[in-house]
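Enquirer: fold the following.
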Amino acid sequence: MKPGHVTEEMIQQTQVFHGHMCPGLAMGIRAAEVALREIGPHSQDEEVVAVVETDMCGVDAIQFLTGCTFGKGNLIHLDYGKSAFTFYRRSDGKAIRLAARPGGAGPPDPEWQRLREKWGKGTLTPEEEQRLKVLHEARCNQILATPIEQLFEIKEPQATMPRPARIMDSVPCDECGELTMETRTRRSRGRTLCIPCFERLEQR
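Expert: Presented below is the predicted three-dimensional model:
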C-alpha cells in the first residue's frame, strides 16, 4: 500500500470506531490521508504529533488513522473552532498545516441544510429522514472523492513543534482529596487545590 493511501477497509474501520459516517468524519479521513503521506505512518509512539483546532467528528479519524492520541500526549486540542489540523514529525521537524477551504467540498446544498436543521429540532418526517440519509451519504462520498488541494489549504505552520509529553507527579487536593496532576493545581490561602475546588471556593 502506498504511503498515505487510505483503503476502503480503513474507512470502514474508522466509521466503526466513530460510530457513524458523516461529513466531519470524512474531512478527518482526508486530513489523516495527507498526514500519512507527508509526515509518516501510523504512530506507535510520539514520532507523529497532531494539533487539532476543533473537537468535531474528524478528530476521531485522525486518532484512529494516525495513531495520535491524548493518552500518548501526541494529540493536542486547541479550542479555536477551526477545521484545521497540524501534523509534526519529531525526527526531522517536518510539519504541515491543513485548513479547510470554504466551499471546498462543493457548493452548499439547501435541501441538505434544511433537513439537517429539522433533524436538529427533531421534526423530520420518516420520508425526510430517509431523504437526509441519502443526501448525507452523497456528501460524504463527495468529500472522500474531492482532490485534497480543493478541500484544504496546505501550508507550513507558524507555531513551533509541541514539546514531548512529560510524566508529572500527582498530589492530593487539600479540599476533596483527589489526586491531581501537580502542574494543574492552584494555590489558595496556603492550600493546594484541584481546579474544580479552587473555582468553587473562589466563587463563595
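Enquirer: how much space is there between the residue sitting nearest the centre point of the chain and Asp45?
Expert: Among the residues of the chain, the one closest to the centroid is Val59, at 2.1 Å (CA atoms, centre = their mean). Noted for Val59: a distance of 20 Å to Asp45, by CB to CB, to the nearest Å. (Glycine included, C-beta is placed from N, CA and C.)
Enquirer: do Pro108 as well
Expert: 41 Å.
Enquirer: same check on Phe152?
Expert: From Phe152 to Asp45 the distance is 26 Å (CB to CB).
Enquirer: how about low-confidence regions in the protein?
Expert: Counting by pLDDT under 70, the chain contains low-confidence ranges at 1-4, 43.
Enquirer: all strands for it, in order.
Expert: 48-52, 75-77, 84-89, 95-100, 152-155, 170-172, 179-181, 186-188, 191-193 (DSSP state E).
Enquirer: can you list those strands in TSV and add distance to Arg116?
Expert: Output for the strands of the chain, formatted as TSV (distance: least, CB to CB, whole Å):
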stretch	distance to Arg116
strand 48-52	23
strand 75-77	25
strand 84-89	22
strand 95-100	18
strand 152-155	23
strand 170-172	43
strand 179-181	39
strand 186-188	41
strand 191-193	43
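Enquirer: tell me which of these approaches Glu127 most closely.
Expert: Nearest of the strands of the chain to Glu127, taken as CB to CB: strand 95-100 at 31.7 Å.
Enquirer: just give me how far that closest one sits from the chain centre.
Expert: 13 Å (CA atoms, centre = their mean, to the nearest Å).
Enquirer: relative to strand 48-52, how tilted is it?
Expert: 30 degrees (axes from the mean of the first three to the mean of the last three CA atoms, to 10 degrees).
Enquirer: helices or strands up against strand 95-100?
Expert: helix 23-38, strand 84-89, strand 152-155 (3 or more CB pairs under 8 Å, 6 or more residues apart in numbering; DSSP states H and E).
Enquirer: would JSON lines of these with mean neighbour count and distance to Phe17 be doable?
Expert: Listed next are the helices and strands packed on strand 95-100 as JSON lines, based on neighbours: other CB atoms under 10 Å; distance: least, CB to CB, whole Å:
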{"stretch": "helix 23-38", "mean neighbour count": "24", "distance to Phe17": "9"}
{"stretch": "strand 84-89", "mean neighbour count": "24", "distance to Phe17": "17"}
{"stretch": "strand 152-155", "mean neighbour count": "16", "distance to Phe17": "22"}
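Enquirer: ok, which of these comes nearest His77?
Expert: strand 84-89 (11.0 Å).
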